[in-house]
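This is a predicted model, with the sequence first.
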Amino acid sequence: TSSSSPSSTVLQPLFQYIDEHQDEFVQRLGEWVAVKSDSSDRALWGEVQTLLNMTADRLREMGAQVELADTGTQQLSSGESVSLPPVVLAQFERDPNKPTLCFYGHVDVQPAKMEDGWIADPYNLTERDGNLYGRGATDNKGPVLAWLHAVETYRATKQEVPVNLKFIIEGMEEVGSDGLDELIRLRNESFFSDVDYIVISDNVWVSRRPALTYGTRGSSYFFVEVEGPKIDLHSGVFGGSIQEPMTDLIALLGSLLDHTGKVLVPGLNEAVAPLTEEERKLYEDIHYDLEEMKKEIGVKHFLQDNKEGILMARWRYPSLSIHGIEGAFSDPGSKTVIPRRVIGKFSVRQVPNMEPAVVERQVKQHLQEVFARHKSPNILTVSSSVGAKPWVADPRDPQYIAGRKAVKAVFGVEPELIREGSTIPIAANFQEVTGKSVMMLPIGGHDDGEHSQNEKISRYNYIQGTKLFAAFFHELSQLPKDP
Ligand SMILES: C[C@H](N)C(=O)N[C@@H](Cc1c[nH]cn1)C(=O)O
Ligand SMILES: [Zn+2]
Ligand SMILES: [Zn+2]
């Protein structure tokens with residue numbers, strides 16, 4: 001920005017504070033990463049709760065009114081029901097003359113173990129070559145903290161925050177945001193009634209350029225259980241004489257997609273929204289270096305041979321990924337066992353105009369038909385979870401103008417307009433139920449490795465991202481009142 005513009009007069013002291021306090025911000029990220037808030041493991045929901053409490057405390061210290069809202073219970077397959085972790089709902093003092101921004105984020109993480117190939121303990125934030133490594137560093141603890149630090153910066157520099165602020169922070173995003181959709185419905189007429197804009201920072205850029213994100217894919221997660229004998233069996237004694245559950249399961253999983261990545265479940269691709277010329281053009285301008293990406297993730301080639309094809313496959317077409325097999329022998333060594341029961345796990349990423357309920361029905365029917373053809377004596381059970389819809393917003397919405405200006409003020413470039421292949425389970429609900437404008441304003445780098453070994457956020461992105469959020473408050477307040 002030019003140093004004489006009014007925006008820069010407001011922003012410079014904020015940016016200076018952020019630069020001067022960056023070590024404290026990194027230290028706080030270390031404290032958050034140290035909390036093993038892995039929501040996929042029910043035994044760790046206490047840790048999730050600990051971090052939600054820490055978030056609530058921090059918001060209270062900054063002057064917010066905070067509620068830990070109940071989200072009900074989860075029914076286990078055993079029939080038992082367990083209480084879900086609460087959701088933090090926070091609001092700062094309201095001025096009716098200011099627009100109201102609501103930030104959504106999550107503090108739970110994906111599982112992480114040293115033996116998966118981490119260079120250092122995933123729960124001990126470690127700085128190497130300007131990068132901050134640790135589970136949750138980019139997904140989503142770093143960005144949540146960056147929003148809190150942006151608020152802290154205004155307060156510490158005695159500048160009035162130019163927007164009304166609300167926060168909604170959950171601890172179950174990584175497993176499908178159980179209970180949150182109902183909470184939003186319940187609070188639509190209260191907590192959300194005066195919200196003008198909802199912003200999410202739970203994804204990464206697609207290249208080295210900053211980005212604004214206007215769409216995510218939806219997701220349904222499937223469990224395919226094949227149960228056979230009462231006990232595991234010796235493969236030398238029984239091999240060849242029984243239909244093995246694992247053989248059934250591999251055939252079922254193998255029937256789901258072909259080597260080109262095409263999903264083979266009948267009907268599944270039929271609902272996909274047709275590609276318009278206008279949409280196709282949007283892909284041309286996006287920076288995406290194929291050769292660099294191949295090197296970065298260590299693949300010889302992608303399934304598509306051009307940028308547009310790859311990005312469309314990631315953002316606007318469905319995909320199916322097989323994640324694992326529970327009950328299978330996966331330790332080192334050579335055990336010669338026939339597992340008695342195995343559970344295959346896979347998920348389908350969904351795009352406009354697919355409906356999770358329809359996809360779930362199509363997948364279950366397909367698996368049952370394939371299984372019936374095999375005439376197996378084993379028992380097949382298919383169940384599903386998550387059921388998250390895809391989300392697409394109108395990037396011409398005023399919030400995106402403020403996002404663009406904030407990016408320009410901090411990074412000196414225009415942001416890319418991108419979509420995201422992964423899922424924010426609650427994004428579509430926010431838009432549909434509240435009717436408010438939703439935008440994603442990511443700060444993570446394209447190489448942050450969300451869900452992967454050695455997840456990181458660079459110190460640069462973390463600190464510049466904090467400035468981006470501080471600038472976004474300002475730019476939002478500068479939008480014309482009734483656009
Ligand atoms: C984009 C976000 N950071 C994320 O990782 N979301 C998860 C949500 C999910 C989907 N199925 C279960 N959880 C993801 O996209 O995997
Ligand atoms: Zn996330
Ligand atoms: Zn995630």
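Looks like it came in fine. Ligands and ions are numbered 1, 2, ... in the order given.

Every contact and neighbour count from this point should use C-alpha atoms.
Noted.

and P85, how many neighbours?
Counted with other CA atoms under 10 Å, the neighbours of P85 add up to 25.

same check, this time on E127
E127 has 15 nearby residues by other CA under 10 Å.

The helix or strand containing it: partners in the sheet, and parallel or antiparallel?
Following DSSP states H and E, one finds E127 within strand 126-128. Strand pairing for strand 126-128, determined by DSSP bridges: strand 131-133 (antiparallel).

related to what we said a few turns ago, got a list of contacts for the strand holding E127?
With contacts defined as CA atoms under 8 Å, 6 or more residues apart in numbering, strand 126-128 is touched by 120, 132-134.

ok, of the residues you listed, which come out buried?
Burial by neighbour count, judged by 16 or more other CA atoms under 10 Å, picks out 132-134 from the contacts of strand 126-128.

returning to what we had before: farthest-separated two in the contacts of strand 126-128?
Farthest-apart pair in the contacts of strand 126-128 is A120 and L132; separation 11.3 Å (CA to CA).

which residues pair with M439 across the strands?
For M439, the beta-bridge partners are V199 (DSSP bridges).

per-residue confidence for it?
Note on M439: pLDDT of 98.

I'd say it and A393 touch.
Yes - M439 lies in contact with A393 (CA atoms under 8 Å); the separation is 7.3 Å.

Surely N269 forms part of a strand?
No - remark: N269 does not belong to a strand; assigned using DSSP: H, G, I helix; E, B strand; the rest coil, it is coil.

Give me the nearest residue to G176, chain neighbours excluded.
In space, and not counting its chain neighbours, G176 is closest to V386: 4.6 Å by CA to CA, 6 or more residues apart in numbering.

contacting residues around Q368?
Per CA under 8 Å, 6+ apart, neighbours of Q368: L380.

Could you pull up phi and psi at it?
Per-residue torsions, Q368: phi -70, psi -40 (degrees, to the nearest 10).

mind checking how far it is from ligand 2?
Q368 sits at a distance of 33 Å from ligand 2 (criterion: CA to the ion, to the nearest Å).

cool, K295 as well?
Distance of K295 to ligand 2, computed by CA to the ion: 24 Å.

Ligand 1: which of the contacts of strand 126-128 is nearest?
The nearest member of these to ligand 1, counting by CA to the nearest ligand atom, is G134 at 14.7 Å.

my read: that closest one touches Y123, true?
Yes - using CA under 8 Å, G134 is in contact with Y123, at 5.7 Å.

Find residues that contact each of those two.
Contact with both G134 and Y123 is made by residues V33, according to CA under 8 Å, 6+ apart.

Compute the distance between the residue of the chain most remote from its centre and D248, please.
In the chain, counting by CA atoms, centre = their mean, V237 sits farthest out from the average C-alpha position, at 46.7 Å. Going from V237 to D248 by CA to CA, to the nearest Å gives 19 Å.

Number of residues surrounding I231?
I231 - counted by other CA under 10 Å - has 10 other residues nearby.

Can you tell me the SS state at it?
Assigned state for I231: coil (three-state reduction, three-state DSSP).

rewinding a little: for the contacts of strand 126-128, give me a markdown table that also has distance to ligand 2 and pLDDT.
Converted to a markdown table, the contacts of strand 126-128 look like this (distance: CA to the ion, whole Å; pLDDT from 0 to 100):
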| residue | distance to ligand 2 | pLDDT |
| --- | --- | --- |
| A120 | 21 | 97 |
| L132 | 17 | 98 |
| Y133 | 16 | 98 |
| G134 | 14 | 98 |
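
give me the element L101 is part of.
Counting by DSSP H and E, L101 is part of strand 100-106.

now check that strand, is it near ligand 2?
No - applying CA under 5 Å from the ion, one finds strand 100-106 separated from ligand 2 by no less than 6.5 Å.

In its sheet, which strands sit next to that strand, and in what direction?
Assessed with DSSP bridges, strand 100-106 is paired to strand 164-170 (parallel), strand 197-200 (parallel).

Just to check, M172 is in contact with H106?
Yes - with contact defined as CA under 8 Å, M172 reaches H106; the gap is 7.4 Å.

what's the spacing between S385 and ligand 2?
Distance from S385 to ligand 2, by CA to the ion: 17 Å.

swap in P6?
P6 is 35 Å from ligand 2, by CA to the ion.

I'd like the distance between that residue and ligand 1.
Separation of P6 from ligand 1 (CA to the nearest ligand atom, to the nearest Å): 35 Å.

cool, and D57?
Taking CA to the nearest ligand atom as the measure, D57 and ligand 1 are separated by 24 Å.

what does Y104 give?
12 Å.

Could you do L51 as well?
From L51 across to ligand 1, the span is 17 Å (CA to the nearest ligand atom).

Would you map out the domains in the chain?
With domains defined by automatic domain parsing, the chain comprises 6-216+390-477, 220-273+316-388.

The last one: end-to-end distance?
The stretch domain 220-273+316-388 measures 6 Å between its terminal residues, going by CA to CA.
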